[in-house]
Each structure stands twice: as structure tokens, then as C-alpha cells.
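**Student:** After the sequence you'll find the predicted model.
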Amino acid sequence: MPLTEIPTDLRKAENQGLSMELRFSYRSGGVTYVGSGRTRNLDADSVCFESDQELRGRGDIELHIAWPFRLQSICPLELVVRGPLVKKDGAVAVIRMDSYELRTHGERSFGYFASCGDICDLAA
């Protein structure tokens, strides 16, 4: 749903059946806040989500959304979305999606090998 169609009272918004766990972080007043929640709606321009806390201020937020599919049926993925908070109502918020990327996530993540200090050539 485009941002212009999102109702003012987000708590009454219809759940689109796209509920995925997420973690988020943002800065407000020089303090970094972190939390967790669930998506309500995800489209090409925005993400509507419920959080475990009421968000303070306005600004950029980074969401880490647990993706429902695995890379090669083995490695968990997460969708990382960054963008400004455009609407909020209590613990429900909407961010505009300025950037996004799918990343590997978890114990078997490619990031684990990169952090070991060894050179790893995945094409070999």
C-alpha cells in the first residue's frame, strides 16, 4: 500500500498477513535505541511494523527482518531496511524504504567466515 493510503490511526490498519520478526535500531537525542517487533505490511516503498516500545522522535531507522526463506535451504537470511520514520502511533510505525539488502544471518553466515581473519574465496 503506498504511503498516501496508510490510515492515520495505524492501530486500526488492516493486517496484510505479512508478519515477520524484526529487530531495529535508531538514534534520538544522542542515544541509540534498540528493540524488536513484527512487520504488519511490507511493500516496495515502506514497511509498517509493531514494536515492543513506543518510538521516540523522528529520524532514520534500521530494521533487520527475519526473511522466511533460506539461502540454498541452509543459511538464514534477513532483509535489512533503512529509512526515515514517516508515521507513528504508539508502538506502530511506518518507515519509508530508502535502501534495502538481503544478508545472510546466523551461525552459518558468510559473515562468520569473513570475521575469522582468513581469506575465503567462495568462487573456488
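**Tutor:** All right, it came through fine. Numbering: from 1, shown residues only.

**Student:** Nearest residue to Asp60 in space, please, no chain neighbours.
**Tutor:** Closest residue to Asp60 apart from its sequence neighbours, by CB to CB, 6 or more residues apart in numbering: Pro84 at 5.4 Å. For the C-beta atoms, the positions are set from N, CA and C on the backbone; glycine is no exception.

**Student:** State the distance from the one you found to Gln72.
**Tutor:** Distance of Pro84 to Gln72, computed by CB to CB, to the nearest Å: 34 Å.

**Student:** Between those two, tell me which one has more neighbours.
**Tutor:** Ranked by neighbour count (other CB atoms under 10 Å), Pro84 and Gln72 place Pro84 first, with 14 against 5.

**Student:** Can you list the buried residues in the helix or strand harbouring that one?
**Tutor:** Taking DSSP states H and E as the criterion, Pro84 maps to strand 75-89. Going by neighbour count (16 or more other CB atoms under 10 Å), the buried part of strand 75-89 is Pro76, Leu77, Glu78, Leu79, Val81, Gly83, Leu85, Lys87, Lys88, Asp89.

**Student:** surely the first one meets Pro68?
**Tutor:** Looking back up the chat, that one is Pro76. No - contact criterion CB atoms under 8 Å: Pro76 and Pro68 do not qualify, at 9.9 Å.

**Student:** coming back round to it: in contact with the residue nearest to Asp60, which residues?
**Tutor:** Arg58, Gly59, Asp60, Ile61, Ile95, Arg96, Asp98 (CB atoms under 8 Å, 6 or more residues apart in numbering).

**Student:** hang on, the first one packs against Lys87?
**Tutor:** Put plainly, it is Arg58. No - taking contacts as CB under 8 Å, Arg58 lies outside contact range of Lys87: 9.7 Å.

**Student:** Against Pro68, how distant is the nearest residue to Tyr100 once chain neighbours are set aside?
**Tutor:** With sequence-adjacent residues excluded and distances taken as CB to CB, 6+ apart, Tyr100 is closest to Val81, at 4.7 Å. Taking CB to CB as the measure, Val81 falls 15 Å from Pro68.

**Student:** Show me where this structure has its strands.
**Tutor:** Under the criterion DSSP state E, the chain contains strands at 21-28, 31-42, 46-51, 60-71, 75-89, 92-96, 99-104.
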